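[1] fold the stuff below for me.
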Amino acid sequence: MRREREERRRRVRPLLLLCASTAAVVSGGAHGSLRGAPILAQARSGGPAAPQAAATRSALEVTVLDENGKAVADASVKLLESVSQREFSTRTDYAGRSQFRNLAPGSYRLRVEREGFYEVNKEGVQIRGEQTLEVTMNHQQEYFE
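    As a prediction, this is how the structure comes out:
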């Protein structure tokens, strides 16, 4: 009887790890992290987890400033993956910063928009590893007659 219980525990444990790991991956989303991925690899293979899953992902931090070097808060920042045409979007915080995490390495197009400023488009933004990109936006000139 005791052996049967131990055998059942050995069978159930990898399934629990798999469920916990899948929940962590799903809850991370496009801007989250893959903290559960190594557990998933371990549950499937029964051996140690391979750190490759985390190493193949990249991140981008964008800082948006005006022509005077002041932060542009609440600007819309969009990132379009060149190959898949997948779009990611966020807004800048009070310091003009926004982040994209868990990106596949590759070429992207960046678009930054904010009312009262000229739109900024950058083609061919290459993302590999952790990167920081600074974008300067110019105020639109208002003409009165």
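[2] tell me which residues in stretch 62-72 are buried?
    Within stretch 62-72, the residues scored as buried using 16 or more other CB atoms under 10 Å are 62-66, 72. Where C-beta positions appear, they are placed from N, C-alpha and C, glycine not excepted.
[3] and which of those residues is nearest to Pro105?
    When the buried residues of stretch 62-72 are ranked by distance to Pro105 (CB to CB), Val62 comes first, at 16.8 Å.
[4] what are the bridge partners for the residue lying closest to Lys122 once chain neighbours are set aside, then?
    Take Lys122 and drop its neighbours on the chain: the residue closest to it by CB to CB, 6 or more residues apart in numbering is Leu110, 4.4 Å away. Per DSSP bridges, the residues bridged to Leu110 are Leu79, Lys122.
[5] would you agree Arg128 is in contact with Ala59?
    No: using CB atoms under 8 Å, Arg128 and Ala59 do not qualify as a contacting pair, with a distance of 10.4 Å.
[6] between those two, who's got more neighbours?
    Ala59 (16 against 9; other CB atoms under 10 Å).
[7] please report the distance of the closest residue to the more buried one other than its chain neighbours from Asp74.
    Leaving aside its sequence neighbours, Ala59 sits nearest to Arg101 (CB to CB, 6+ apart; 4.7 Å). Distance of Arg101 to Asp74, given as CB to CB, to the nearest Å: 20 Å.
[8] same check on Glu123?
    Taking CB to CB, one finds Glu123 at 24 Å from Asp74.
[9] give me the average confidence score over the helix or strand encompassing Gln99.
    Following DSSP states H and E, one finds Gln99 within strand 97-103. The average pLDDT within strand 97-103 is 92.
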